[in-house]
Each structure stands twice: as C-alpha cells, then as structure tokens.
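Peer 1: Sequence and predicted structure, then a few things I'm wondering about:
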Amino acid sequence: MNSKNPRFDLGKTIVATPDALDALRDSGQSPGDFLSRHAMGDWGEVDAEDWQLNDQALIDGSRILSAYTTLKGVRIWIITEVAGDEGRRSVSTILLPENY
C-alpha cells in the first residue's frame, strides 16, 4: 500500500478472479498497484456518474467500483462491497468485467 492514508478500508478479505490474476501477471503489474489507487480514491476509468457514486459511497458505505486498464490493454475492475451493520467494509474483489 501507498504510504498516504487511504480514503476507505478495503475490508478484511481481498480476492481476485483467476482471469484477473492472469491479466495482471501478463502485464507484469501487481494487484497492490491497483488496490492502492482504489483505496486512495483514484477511481480510474469510470464515467462521471460512477465517480460521483463512489464519492457518495465514501459517506454512506455503499459499493465502490473502480476500473483500470493494464499495460497490456486488459480492463480490470475492483469492487469493494457495501459496509456491514458495524460500518466496516468486508471484501474487495479484483476481476475482469466479464467475470461480474
């Protein structure tokens, strides 16, 4: 993770689909690079509406979606799920859009 303070908690569990791991491996990139951007509030290549929804999710605890492209041109998503009753997010998932 980056030394800067993240804007939200990624949750206790971070998972990735096999396709996403293959895409990251093929590009020579680390899941941590993208997870850091996501946690810092850099939502990547989402449209303006999703950007605003993510900013609102920082306040209300709803789902956060970021989208990035690897150096090999493969699009990946990171989704951090809705916060539970205790106000903490439980899981972040790295996946390809077609895995959703």
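Peer 2: Cool, got the structure.
Peer 1: chain center to stretch 6-19: distance?
Peer 2: With CA atoms, centre = their mean, to the nearest Å as the basis, stretch 6-19 stands 7 Å off its chain's centre.
Peer 1: Give me the contacts around the helix ranked longest in the chain.
Peer 2: Criterion DSSP state H: the longest helix present in the chain is helix 48-60. Residues outside helix 48-60 that contact it (CB atoms under 8 Å, 6 or more residues apart in numbering): 7-8, 41, 43, 46, 62-66. All C-beta atoms are positioned from the backbone trio N, CA, C, and that covers glycine.
Peer 1: Out of those residues, which is nearest to Ala83?
Peer 2: Ser62 (7.8 Å; CB to CB).
Peer 1: give me the number of residues near that closest one?
Peer 2: By other CB atoms under 10 Å, the residues close to Ser62 number 14.
Peer 1: Pull up the gap between it and Thr17, please.
Peer 2: Counting by CB to CB, to the nearest Å, the gap from Ser62 to Thr17 is 22 Å.
Peer 1: So which residue is smack in the middle of the protein?
Peer 2: With distances taken as CA atoms, centre = their mean, Ile78 lies nearest the centre of the chain, 2.8 Å away.
Peer 1: tell me the mean pLDDT for the helix or strand hosting that residue?
Peer 2: Using DSSP states H and E, Ile78 maps to strand 75-80. For strand 75-80, the mean per-residue pLDDT is 98.
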